[in-house]
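Enquirer: Here is a sequence together with a model predicted from it:
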Protein chains: 2
Amino acid sequence: MADSQVHRASTFAPVNIAVIKYWGKRDAKLNLPTNSSLSVTLSQDDLRTHTTASCSSTFDRDSLTLNGSDQDISGARTQACLQELRQLRQEVEQKDGSLPKLSEFRLKIVSENNFPTAAGLASSAAGFAALVRAIANLYELPATPTELSRIARQGSGSACRSLMGGYVAWEKGERADGLDSVAYEVSPASHWPNMQALILVASAEKKDVSSTSGMQQTVASSALFAHRADEVVPKRMKAMEKAVHEQDFEAFAVLTMKDSNNFHAVCLDTQPPIFYMNDTSRAAVRVCESLNAASPDGKPLCAYTFDAGPNAVIYYLAENEEQVAGTFKNILGDKTGWEGARGQKVNKAGALPQGTEVAAEVLQKGISRVILTAVGDGPKKTDEHLC
Amino acid sequence: MADSQVHRASTFAPVNIAVIKYWGKRDAKLNLPTNSSLSVTLSQDDLRTHTTASCSSTFDRDSLTLNGSDQDISGARTQACLQELRQLRQEVEQKDGSLPKLSEFRLKIVSENNFPTAAGLASSAAGFAALVRAIANLYELPATPTELSRIARQGSGSACRSLMGGYVAWEKGERADGLDSVAYEVSPASHWPNMQALILVASAEKKDVSSTSGMQQTVASSALFAHRADEVVPKRMKAMEKAVHEQDFEAFAVLTMKDSNNFHAVCLDTQPPIFYMNDTSRAAVRVCESLNAASPDGKPLCAYTFDAGPNAVIYYLAENEEQVAGTFKNILGDKTGWEGARGQKVNKAGALPQGTEVAAEVLQKGISRVILTAVGDGPKKTDEHLC
């Protein structure tokens, strides 16, 4: 008797934004990085992927739909994830012969982001984390988030950090097979819950160089890259873990800004050079630096970081919201996004920091919308199914 | 009997644009650099400082006028130059008692640039080279250009490279007193005379950070800087000297672009970050990279380099003028400066390189004028006196 039942499970998974950056692979096939990295998981109220994984003996092919459009899943990365998950399910089935043989069924995966894909936000991290988590739920795998992170990493490197909430490190690992290149939770969101993030979304500009090809160009041609990977990052990883454990925003902010700049420096040192930051990004740096320079106690109020694109992500503590987010609202109050999903209300700061008038004009022209968010939890199981 | 005669001597001195960049001082007082550098001296037909040095027993103070306005000469740098030159004159006077005691007279120095100061071109190099050369002429010093370079270096580091023509290296030296931190001619202009330079002058933008304070911030805070100074530049200096000796434009171009990007990378890695390149600079890079990518024999046709500002300097060989300068004339034909002082005529190239339409628009908006020039000779004595 053929079982024609459709099995399904769903999850939400978060976006993460690194404060110690991942850039460079020591193994491009397995997505093994040249250095460890550390990120903050952002709240799923504002940014999340919702994914339903389903399977049935009646499905005739594996399929993946994202925001309503069919995706190609024949790529080696997606295939690696599906194959590893099926193998884990097989092991479960072998131990308990009464379980349905889901590992033999084709998968239908449906995904939706609650944020505009055009915004240029690293959606592949949330996407692969959701895919792996949803299938692991469907297969009822006993795997821990760290074990699943090893699989998600093969889909998209930074996806491994979206399987946990709060403050998450990805250990580069030493093994050639990548078994020790996994993510772990440094601290949960509840340990340091007042970390806020304001994202300034730059007006759409087509990315010149994809992250994957860009990072390998850097590895191959930058005279500074090896020094970053071997010397600079290992020290910063330790210092950043300490900053998180001690809720030391000053150390967190200085390291975050330095590491963003260091990452973009090795991009610029690539042949041909890779520029992800533009004049709008520079203006955001300028406003942050001026806010920090004017800080009453001399300690930074905010920290900027930029991924492989011009969007600024600005971290700050909830108690400094008016000074930090309020200053940007003063400049960008007419853009959408100031009404965060959690209903917070940001008051405009009274005046611009000294010397930021030109930067404010550049931001006015170059930023299309903002996203107001905060540190958040890891993937959440849900009964809302998309198929 | 008091000698009331006015003694005078005049010189022209050139601008130089480094292809291996000077950034960072190991001794800020003596202007001793952390790494050696190498530059191309540009033609004085297009860019030069004209300086007259005069002295007389009737003058009651040292003075310096630049483009008609009085300059402060009380600074330690100018004073160091004047003092060293007077001391050399004293030695001459001690050997020959019949010579007038010019070392005891006050100096009147008058300087004029043949290019707009607002253009943001490194005018201090030509200025200090002209000052030192004019006074050395006035004092009839037997010093060689290399000996004078040691003095000019104390006025402005890169000025030491403007005392010679063609291709000039500045050896960083090892001594604490800086006696071995001098410039020498790698090859005269006549060795490789077909080197051309097109300067794209970006619309005026106030420089955020002066070179002097900027470079010391980099030395103090960049995690990558020491690696650049200790490891990257020494190898490039050797390779660049070889490229010049062998007239190997491919090696020259690749090293020039890499070193410009490496220099701006350590600027970006500074805390707070220093940005000299802007979106207009990036657009110039894009057009150059596209020209090189489309080169018929796969070898670069041009090499961009950026100093501490957004202006692009683009080196190319005379035989590729239409492809390189002609492409930029196609984009920027309405800007002034296409009629070089030597009467050359650049023909517009037929079409833009593929994928440079957006970059062309950015250049159109961001570039105010061009300067069409070439490699040139060192300072030239002249009987045209400015006072």
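Expert: Sure, I can see it. Here the structure is a predicted model, which means the values were calculated and not measured.

Enquirer: so where do the strands sit in the stretch 51-200 of chain A?
Expert: Shown for the stretch 51-200 of chain A, the strands assigned by DSSP state E, counting those that start in this stretch span residues A:63-66, A:69-71, A:106-113, A:167-170, A:183-187, A:195-202.

Enquirer: so which strand or helix has A:V313?
Expert: Under the criterion of DSSP states H and E, A:V313 resides in strand A:312-317.

Enquirer: Over to A:A13?
Expert: A:A13 is part of strand A:7-14 when elements are defined by DSSP H and E.

Enquirer: Any idea how far that strand is from the middle of the chain?
Expert: Strand A:7-14 sits 18 Å away from the centroid of its parent chain (CA atoms, centre = their mean, to the nearest Å).

Enquirer: who's in contact with the strand holding A:V313?
Expert: Contacts to strand A:312-317, defined as CB atoms under 8 Å, 6 or more residues apart in numbering or on different chains, come from residues A:17, A:19, A:40, A:194-200, A:202, A:249, A:252-253, A:256, A:281, A:284-285, A:288, A:301-307, A:324-325, A:328. Placement of C-beta: from N, CA and C, glycine included.

Enquirer: What residues sit buried inside the lowest-mean-pLDDT helix or strand in chain A?
Expert: Using mean pLDDT, DSSP states H and E, the weakest-scoring helix or strand in chain A turns out to be helix A:211-221, at a mean of 92. Of the residues in helix A:211-221, A:211-212, A:214-215, A:217-219 count as buried by neighbour count, 16 or more other CB atoms under 10 Å in any protein chain shown.

Enquirer: Only whichever of the contacts of strand A:312-317 are buried, select them in ChimeraX.
Expert: Buried residues among the contacts of strand A:312-317 (16+ other CB under 10 Å), as a ChimeraX selection:
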select /A:17,19,40,195,196,197,198,199,200,202,249,252,253,256,281,284,285,288,301,302,303,304,305,306,307,324,325,328
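
Enquirer: Out of the strands of the stretch 51-200 of chain A, which gets nearest to chain B?
Expert: Chain B lies closest to strand A:195-202 among the strands of the stretch 51-200 of chain A, at 11.8 Å (CB to the nearest CB).

Enquirer: who does the closest one touch, helix- and strand-wise?
Expert: Identification of packing neighbours for strand A:195-202 by 3 or more CB pairs under 8 Å, 6 or more residues apart in numbering or on different chains; DSSP states H and E yields helix A:279-293, strand A:312-317, helix A:321-332, strand A:367-374.

Enquirer: Recalculate using a threshold of 10 Å.
Expert: Judged by 3 or more CB pairs under 10 Å, 6 or more residues apart in numbering or on different chains; DSSP states H and E, the packing partners of strand A:195-202 are helix A:279-293, strand A:302-305, strand A:312-317, helix A:321-332, helix A:357-366, strand A:367-374.

Enquirer: Let me see the mean pLDDT of that strand.
Expert: The average pLDDT within strand A:195-202 is 96.

Enquirer: if we can go back for a sec, now the angle between strand A:367-374 and the strand holding A:V313, please.
Expert: 30 degrees (axes from the mean of the first three to the mean of the last three CA atoms, to 10 degrees).

Enquirer: Could you list the buried residues of strand A:312-317?
Expert: For strand A:312-317, by 16+ other CB under 10 Å, it's A:312-317.

Enquirer: ok and that strand relative to helix A:279-293, angle-wise?
Expert: 20 degrees.

Enquirer: Show me chain A divided up by domain.
Expert: Chain A resolves into domains spanning A:7-188, A:195-374 when parsed by the TED database.

Enquirer: In a strand, A:D46, correct?
Expert: No: read with DSSP: H, G, I helix; E, B strand; the rest coil, A:D46 is coil and lies in no strand.

Enquirer: May I have the predicted confidence score for the nearest residue to it once chain neighbours are set aside?
Expert: Leaving aside its sequence neighbours, A:D46 sits nearest to A:T373 (CB to CB, 6 or more residues apart in numbering or on different chains; 3.9 Å). What the model reports for A:T373 is a pLDDT of 95.

Enquirer: shouldn't A:T373 be in contact with A:N114?
Expert: No: between A:T373 and A:N114 there is no contact under CB atoms under 10 Å: 11.5 Å.

Enquirer: out of the two, which sits in the more crowded spot?
Expert: Taking neighbours as other CB atoms under 10 Å in any protein chain shown, A:T373 and A:N114 compare with A:T373 leading, 26 against 14.

Enquirer: Pretty sure A:G350 sits in a strand.
Expert: No: going by three-state DSSP, the assignment for A:G350 is coil, not a strand.

Enquirer: Look up the closest residue to it, ignoring the ones flanking it.
Expert: A:N330 (7.9 Å).

Enquirer: Please apply the same query to A:P142.
Expert: A:V92 (7.4 Å).

Enquirer: Next up, the contacts around that neighbour.
Expert: A:99, A:102-103, A:139-143 (CB atoms under 10 Å, 6 or more residues apart in numbering or on different chains).

Enquirer: filter those to the buried ones?
Expert: Buried by 16+ other CB under 10 Å: A:102-103, A:139, A:141, A:143, out of these.

Enquirer: ok, which of those residues also contact chain B?
Expert: Among the buried ones among the contacts of A:V92, not one lies near chain B by CB under 10 Å from any CB of the partner chain.

Enquirer: picking up where we left off before, can I get the domains of chain A in CSV including distance to B:P379?
Expert: CSV is the format used below for these (distance: least, CB to CB, whole Å):
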stretch, distance to B:P379
domain A:7-188, 46
domain A:195-374, 34
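
Enquirer: Show the pLDDT at the residue lying closest to A:L88 once chain neighbours are set aside.
Expert: Ranked by CB to CB, 6+ apart and with sequence neighbours excluded, the top spatial neighbour of A:L88 is A:L141, at 5.1 Å. A:L141 carries a pLDDT value of 98.

Enquirer: Over to A:H245?
Expert: A:H245 is given a pLDDT of 98.

Enquirer: Any figure for the gap between it and A:K238?
Expert: 11 Å (CB to CB, to the nearest Å).

Enquirer: quick one: which helix or strand includes A:A265?
Expert: If you go by DSSP H and E, A:A265 is part of helix A:249-268.

Enquirer: any idea of the mean pLDDT in that helix?
Expert: 98.

Enquirer: cool, stretch A:313-333 as well?
Expert: Stretch A:313-333 shows a mean pLDDT of 97.

Enquirer: now do stretch A:66-80
Expert: 95.

Enquirer: Check the strands of the stretch 51-200 of chain A for me and report the most buried one.
Expert: Highest mean neighbour count of the strands of the stretch 51-200 of chain A: strand A:167-170, a mean of 26 (counted as mean count of other CB atoms under 10 Å in any protein chain shown).

Enquirer: quick one, what contacts A:K258?
Expert: By CB under 10 Å, 6+ apart, A:K258 lies in contact with A:20, A:232, A:236, A:303, B:221-223, B:269-273.

Enquirer: Whichever of those residues end up buried, select them in PyMOL.
Expert: Buried residues within the contacts of A:K258, by 16+ other CB under 10 Å, are selected in PyMOL with:
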select buried, (chain A and resi 20+232+236+303) or (chain B and resi 222+223+269+270+271+272+273)
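
Enquirer: just the helices in the stretch 101-250 of chain A please.
Expert: A:123-138, A:145-155, A:211-221, A:225-227, A:233-245, A:249-268 (DSSP state H, counting those that start in this stretch).
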